[in-house]
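> Here you go, sequence then predicted model.
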Amino acid sequence: MQRSDCSFSDGAPISSVLPGNRQSGSGLLDRVIFAGYRAGDYVDAIRCMDLLTFLVPGSDGSCRALLEAQACGVPAVVSRRGALPEIVIDGETGLVVEEEIGALVDAWRSLLSRPGRRARMAAAAHARARTAFAPERLASEVDAFYRELL
């Protein structure tokens, strides 16, 4: 899989992402990979990303895709919803922004135009995922919680 400027991996039809005709001349088709659902190469697909944008925690609240991206060393741009600002340390492992187009664009530009900053955040995200969200640590904390209840 090649690196691109933008990926949409939810399998949404291109017409739902691009305004108007897909041959609109926007140049977007040359810069976007519509990857669809990934299974066998999921980790490789994540590692091809320059950054992840994650705005809504989802129905289970675990933010698993965000945790997986951080474990792969991908910095994130997230909203202030749910656990997202607890997972991403603003300015260190990614950026926490308001859910406004201007704020998102500023965050994307900030990270995409400064590869050194993005690389530092990527390394910090990976390191934090290995410590703060390690399965052994989480299992130990859940075990301690249940022991306290008993």
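Perfect, I can see it now. Numbering: from 1, shown residues only.
> care to break this protein down by domain?
1-48, 49-150 (automatic domain parsing).
> which of these sits most buried?
Mean neighbour count, computed with mean count of other CB atoms under 10 Å, is highest for domain 49-150 among the domains of the chain, reaching a mean of 15. (C-beta placed from N, C-alpha, C; glycine too.)
> Need the distance between the two termini of stretch 81-99.
9 Å (CA to CA, to the nearest Å).
> Other residues contacting it?
51-52, 54-57, 61, 63, 66-67, 70, 75-80, 103-104, 106-107, 110-111, 121, 124-125, 128, 133 (CB atoms under 8 Å, 6 or more residues apart in numbering).
> Narrow those residues to those in strands?
52, 54, 76, 77, 78 (DSSP state E).
> Can you add pLDDT and give these back as TSV?
TSV is the format used below for the ones in strands among the contacts of stretch 81-99 (pLDDT from 0 to 100):
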residue	pLDDT
52	91
54	89
76	96
77	96
78	95
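> Can you pick out the most distant pair from these?
The distance between the two most remote of the ones in strands among the contacts of stretch 81-99 (CB to CB) is 8.4 Å, for 52 and 78.
> what touches both of these two?
Counting by CB under 8 Å, 6+ apart, the shared contacts of residue 52 and residue 78 are 66, 94.
> got any ranges where this structure has weak pLDDT?
1-34, 60 (pLDDT under 70).
> change it to 80
Residues of the chain meeting the criterion pLDDT under 80: 1-37, 57-61.
> Show me where it has its helices.
Here the chain has its helices, by DSSP state H, at 42-47, 64-71, 84-87, 101-112, 115-132, 135-149.
> Need the CA coordinates for the third one. PDB is fine.
Taking C-alpha atoms only, helix 84-87 is exported to PDB below (Å, rounded to 0.1, in the frame of the first residue of the first chain):
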ATOM      1  CA  LEU A  84     -10.600  11.000  23.400                       C
ATOM      2  CA  PRO A  85      -8.800  13.800  25.300                       C
ATOM      3  CA  GLU A  86      -7.700  11.300  27.900                       C
ATOM      4  CA  ILE A  87      -6.100   9.100  25.300                       C
END
